[in-house]
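J.: Return atomic coordinates for the entry below.
(one chain, ligands or ions: 1)
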Amino acid sequence: MRIDVLTLFPEMFPNVLGTSILERARERKAVEYHLVNFREYSDDKHRTVDDYPYGGGAGMVLKPQPIYDAVADITNKVAAERRRVILLCPQGEPYTQKKAEELAKEEHLILICGHYEGFDERIRHLATDEISIGDYVLTGGELAAMVIIDSVVRLLPGVLGNEASHVEESFSTGLLEHPHYTRPADFRGMKVPEVLLSGNHKKIEEWRKKEALKRTFLRRPDLLKDYPLTDEEKKWIGE
Ligand code: ADE
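T.: All right, here's what the predicted structure looks like:
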């Protein structure tokens, strides 16, 4: 996968993209990152990227020209059959694990980070997707772009050592994950549940499923709306 990030602040990215799994993914050639400062595409001599809003009001608005020209330059250079152009903004579709799985199937992502008070509405016409990472307002789309990159790149084939490790994790199963424990079996009086020490794999699976359901019921009952419960499972959570 190739990922291009259009941003006025490319210096925010190298630490994140150059650390741990995101860096390893690049080394393994599962992903290529390209940071593009769209100010370089501005066609005026002061390299301006924003302007006053028509109709008045506070704040500046990102103008369309630099972003249109940056995207055109990239799409002319990079041949890709499966490409998404994603605009990060609070008005976008709420981001989910399901969306991450969908994006992980693409060949090329172009992420556009907005800044200032907003962007010219015509920039939306460039986007195949508009994504929000939550109901709060960030100073710009950069942190949201990093969230998308992190959650997508870890799903690319060969990136996580253990391929099974994202099949059973929170959200992929539709439930929150069950609790995990490692040694010691007794840490300052807090004991690991007996069943996990039993070696009985069937019992352990059952316990994990039960705990995942209980945790989801208590913390995120909204997730159970889309989860078909068996009669047995309904009993576990007292429904
Ligand atoms: N830009 C500013 N706030 C944002 C949010 N919540 N999600 C995505 N992009 C944003």
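J.: Residue 21 contacts residue 158, doesn't it?
T.: No - assessed by C-beta atoms under 8 Å, residue 21 is found out of contact with residue 158, at 11.4 Å. From N, CA and C alone the C-beta is placed, and that goes for glycine too.
J.: what about the helices in the protein?
T.: 14-17, 20-27, 64-77, 97-103, 142-153, 194-197, 201-219, 231-236 (DSSP state H).
J.: Looking at those helices, spot the one closest to the ligand.
T.: Across the helices of the chain, the ligand has its closest neighbour in helix 142-153 (3.4 Å, C-beta to the nearest ligand atom).
J.: average pLDDT across the closest one?
T.: Across helix 142-153, pLDDT averages out at 98.
J.: Show me what that helix is packed up against.
T.: strand 2-7, helix 14-17, helix 20-27, strand 83-94, helix 97-103, strand 108-113, strand 129-132 (3 or more C-beta pairs under 8 Å, 6 or more residues apart in numbering; DSSP states H and E).
J.: quick one, that helix and strand 2-7 angle?
T.: Going by axes from the mean of the first three to the mean of the last three C-alpha atoms, to 10 degrees, helix 142-153 is angled at 170 degrees with respect to strand 2-7.
J.: ok, and does helix 142-153 reach over to the ligand?
T.: Yes - for helix 142-153 and the ligand, the contact criterion (C-beta under 6 Å from any ligand atom) is met by residue 144.
J.: Please identify the buried residues of that helix?
T.: Using 16 or more other C-beta atoms under 10 Å as the test for burial, helix 142-153 gives 142, 144-149, 151-153.
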